[in-house]
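A.B. asks: Take a look and give me a structure for this.
(one chain, ligands or ions: 1)
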Amino acid sequence: MKVKGIGIDINDNRVNGDIDALKAELDYLQDCGFDTIELTTSGLFFILNGKLNWKQTRSICKVLSKYKFNYTLHLPDVLNLGNSPNPDIEKEIFSSCIAFGAEAGAEVLVYHSGQVFYELHSQQKREDCLNRETDALAKLAEKSEKFGILLTIENLNPEPEELKYITEKGLSKEDIRLLHPAMYLDPIAEQVEQIDAPNLGMTLDPGHLNLAIEVTGEQLLASIEKQAHLVKHLHLNDNFGRNPNPRYSRMEELLYGMADCHLPPGRVQCLSLKS
Ligand SMILES: [Zn+2]
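C.D. replies: Here you go, the predicted structure:
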């Protein structure tokens, strides 16, 4: 894989929709030596009720254009094109993100896989959701291709309420695979291959995978090796491969080496950088 740039995401709490704070953030990250910035929808407030807020978009883009960074954009974590009570607003937000990405010159968009089906107990309902997501992604990939934007689907780690569900229901490994395919690379790869769009690929987050395998029992490196050819974007950060427990506060999680704690890559070496 040819590395195009090394970047970091903006900090949502520091920026919080404030243009001056965005400038300060970008100045700081420029001094740090990064060449790529991952923008976030949650830190910039350019969408309101699904629609692009053009005034905010123009103010943001005016700032972005002053730097030499390459830009990528992380879509909202909760965005789900398949399993949502309101699929229309999900598609509308995604389209607004493409429009923003085109305006900002973002080359890559990162979408969290929507293959999370805990409340769907019939195979038919799960398939319907998956098909809805696949159809929407195919159309959105076509739309973003016009702007030269690459769409990527990211693998997930289990959220605390999902871990609670898994434990309380005593789910088997087979149940987990059916109810939470987004924790595995294979189902995402299958979807990417099915859509077969030139500008669609995977974002690999080895940190997410390192936490997922505690639950799924998969092999980290073997899973990655199998699907590496589809990976177009990487979220590199480290953790101890220990999922959180609701008994512990955020700070206590760190004491116990739990959760998606986003340590610098190589701090724990959940994935040896050489491999
Ligand atoms: Zn992500």
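
A.B. asks: quick one: Ile166 and Pro160 touch, right?
C.D. replies: No: with contacts counted by Cβ atoms under 8 Å, Ile166 stays clear of Pro160, the gap being 10.7 Å. Yep, even glycine has a C-beta here, placed from its N, CA and C like the rest.

A.B. asks: can you pull out the helices in the protein?
C.D. replies: For the chain, helices defined by DSSP state H occupy the ranges 12-15, 19-32, 41-44, 54-64, 87-104, 123-145, 160-169, 173-179, 185-195, 206-216, 220-227, 250-255.

A.B. asks: With distance to Gly266 and mean neighbour count as new columns, can the ones you listed be given to me in TSV?
C.D. replies: Shown next, in TSV, are the helices of the chain (distance: least, Cβ to Cβ, whole Å; neighbours: other Cβ atoms under 10 Å):
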stretch	distance to Gly266	mean neighbour count
helix 12-15	24	14
helix 19-32	17	14
helix 41-44	26	20
helix 54-64	29	15
helix 87-104	30	19
helix 123-145	33	17
helix 160-169	26	14
helix 173-179	29	15
helix 185-195	21	18
helix 206-216	11	21
helix 220-227	15	15
helix 250-255	18	12
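
A.B. asks: Where among those is average confidence lowest?
C.D. replies: Here the lowest mean pLDDT among the helices of the chain goes to helix 250-255, at a mean of 89.

A.B. asks: distance between that one and the chain's centre?
C.D. replies: 23 Å (Cα atoms, centre = their mean, to the nearest Å).

A.B. asks: Could you export it as CSV, CA atoms only?
C.D. replies: The C-alpha trace of helix 250-255 is given here as CSV (Å, rounded to 0.1, in the frame of the first residue of the first chain):
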residue,chain,number,x,y,z
ARG,A,250,-13.6,6.9,31.8
MET,A,251,-10.5,7.6,33.9
GLU,A,252,-10.7,4.3,35.6
GLU,A,253,-10.9,2.6,32.2
LEU,A,254,-7.4,4.0,31.5
LEU,A,255,-6.1,2.8,34.8
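
A.B. asks: contacts for that helix?
C.D. replies: The set of residues external to helix 250-255 that reach it, using Cβ atoms under 8 Å, 6 or more residues apart in numbering, is Pro244, Tyr248, Ala259, Cys261.

A.B. asks: Between all of the residues you listed, which two are separated the most?
C.D. replies: For the contacts of helix 250-255, the farthest-apart pair by Cβ to Cβ is Tyr248 and Cys261; their separation is 11.9 Å.

A.B. asks: Tell me the pLDDT of Ala270.
C.D. replies: Heads up, residue 270 is Cys, not Ala. For Cys270, the pLDDT comes out at 67.

A.B. asks: Kindly report the same for Met1.
C.D. replies: Note on Met1: pLDDT of 67.

A.B. asks: same deal with Pro244?
C.D. replies: Looking at Pro244, its pLDDT reads 93.

A.B. asks: thought it was touching Gly257?
C.D. replies: No: with contact defined as Cβ under 8 Å, Pro244 does not count as touching Gly257 (10.4 Å).

A.B. asks: For those two, indicate the residue with more neighbours.
C.D. replies: Legend: neighbour count by other Cβ atoms under 10 Å for Pro244 and Gly257, higher for Pro244 (21 against 13).

A.B. asks: Can you report how many residues lie near the residue lying closest to that one once chain neighbours are set aside?
C.D. replies: Leaving aside its chain neighbours, Pro244 sits nearest to Ala259 (4.2 Å; criterion: Cβ to Cβ, 6 or more residues apart in numbering). Ala259 has 19 neighbours, counted by other Cβ under 10 Å.
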